[in-house]
Every structure is written in C-alpha cells, then in structure tokens.
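Participant: pasting the sequence and the predicted model now:
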Amino acid sequence: MNMRLMLCVILYALPLALFAAGGNLHSYRADVDVSDTKSLQQGARTFVNYCMGCHSAKFMRYNRMGADLGLSDEILKANFMFGTDKTSDLMTIAMSDEDAKQMFGGVAPPDLSVTARYRGADWLTTYFMTFYLDPARPMGVNNLAFKDVGMPHALMELQGAQRAVYKTATDTNGKAVNVIDHLELVAPGTQNQKEYEQTVRDLVNFMVYLGEPVRLKRQQIGIYVITFLFFLLGVVYLMKREYWKDIH
C-alpha cells in the first residue's frame, strides 16, 4: 500500500518538476464537435486557403468532403478547389517533395490527412495558438508545442505576431534558467483573440473530421448495435424463463 502511495505522489509531482525545469507549455483544450457542419465548413475553407499551399490531404476527395459537409460541386469549385477541376480528385498539392525539401531545409511538409489522429486535437489547438517570433529560426518563428518548428506561421495574418516573455526559474539541479512565462501580442492580425480562437477551433474540428470521416456514422451504428443488444437481452431472458419454468 505504501509503495502505491509513493508512486501516486511521484506521478503527481512529475508535471511540477517539468514546469520548474522550463516545460511550462500552456496547453489549450480543443472544443471538437464533428456534428457541427458550419464549423467544419469554415474549417475546411481555412484549411484549403492557409494549409494546402504546402500540405496535402491525399486520403480525402473533394466530392467526399462536399457530400459530408453539405457542399455542392459548384460551391466546391468556387471556394475550395484551386489546383484541379475535377471534384473526384484527391486533395493533393502541385508542389513536389523535392521542391518542398529545398524550400524547407531538407524536410518536406507532411500530409495532414491523419495528423489529428496521432497528434490529438488538444495538441493541434496548442500548436496553432502558440507561435511566437524567434529571429534565430530560419522562418523567423518558433512554437511552444513544436520546438524549433521548420515552417512559417501560416495563420499569422489572422492572429498577428506574438513574442515570448521570459522569467527566471530554477531547474531540477538548482540552477537559475530563463523560461518562457507567456506570449504577448506585439502586432495584431486581422482577427481579434476571440475570432482567432474560433478559427483555430473550426480548423482543428475539420482536421479531426479529416482523420476519420466516418466517425459520426460509426457512432450512430454503435448506438444501433447497443440498442439491438439490449433488445436481444430481453428476448434471451424471456426464452430462459420459458425453458426453465418446469425445472423451478
């Protein structure tokens, strides 16, 4: 029992030790709702306008996205398709991996089809919210969720530019170190804080949908299956009573 108590104390204290060592990442919680069609539509528009210049979503077709999000072919062609004429095409980009590697320091931007599945919605929200200016980086920015990120802040036009504000903290060895305390806006974007948070929420919501387009249908099927099993349980119980009534 004492060993279990000690283990719980250690696990509880570990995040505090990481914070003191400088791991004071301000984490954001994602507000994901893939049944919110309007949010998905806005997120899709942000995705194709700000992400698909460099990143593809090669496991999704435009017409599949349109059908799920209630977008007609005409709306797709006018607002979401800039590199192709066929709604049946995959959401790929024109830039080759070789060109991308030359532009981004030898690493091609990843496909974003399933990023939300292995990164998580909370991580993505934190990532989009915590870019800050860093002249030491090739793209002039860094990120609290992805240290030394190799891409520019694609949404800086909307959010604006943030700078890191440092404070002195003590690491686990008792040494004084400078750590990021918080980020502050130094150049406003076209959106205020609330508007930008909504844009990020919509974008992350769309990326969650992108990683599992059948999520709502799967959940609906699950409800049907559970309802059927409860009904079957009642039938089986009545059959059991009928078969065993003569014995009891």
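Facilitator: Received it, and whenever you're ready, just let me know what you need.
Participant: how's the protein carved up into domains?
Facilitator: 25-213, 217-248 (automatic domain parsing).
Participant: what residues of the lengthiest strand in the chain count as buried?
Facilitator: The longest strand of the chain (DSSP state E) is strand 176-188. With burial defined by 16 or more other Cβ atoms under 10 Å, the residues of strand 176-188 counted as buried are Val179, Ile180, Leu183. All C-beta atoms are positioned from the backbone trio N, CA, C, and that covers glycine.
Participant: show me what that strand is packed against.
Facilitator: strand 131-133, strand 160-170 (3 or more Cβ pairs under 8 Å, 6 or more residues apart in numbering; DSSP states H and E).
Participant: could I get the full set of helices for this structure?
Facilitator: 2-20, 37-46, 62-69, 73-79, 97-103, 115-119, 121-129, 156-159, 193-211, 215-244 (DSSP state H).
Participant: can you tell me which of those helices is nearest to Lys147?
Facilitator: Smallest distance to Lys147 across these (Cβ to Cβ): 11.2 Å, for helix 121-129.
Participant: re earlier: so which of the buried residues of strand 176-188 comes closest to Val34?
Facilitator: Out of the buried residues of strand 176-188, the member with the shortest distance to Val34 (by Cβ to Cβ) is Leu183, at 28.9 Å.
Participant: got a pLDDT number for that closest one?
Facilitator: Leu183 carries a pLDDT value of 95.
Participant: list the contacts of His26.
Facilitator: Thr126, Thr130, Leu144, His182, Leu183 (Cβ atoms under 8 Å, 6 or more residues apart in numbering).
Participant: orientation of the longest strand of the chain relative to helix 193-211 in degrees?
Facilitator: 100 degrees (axes from the mean of the first three to the mean of the last three Cα atoms, to 10 degrees).
Participant: if anything else comes up later, I'll come back, but that's it for now.
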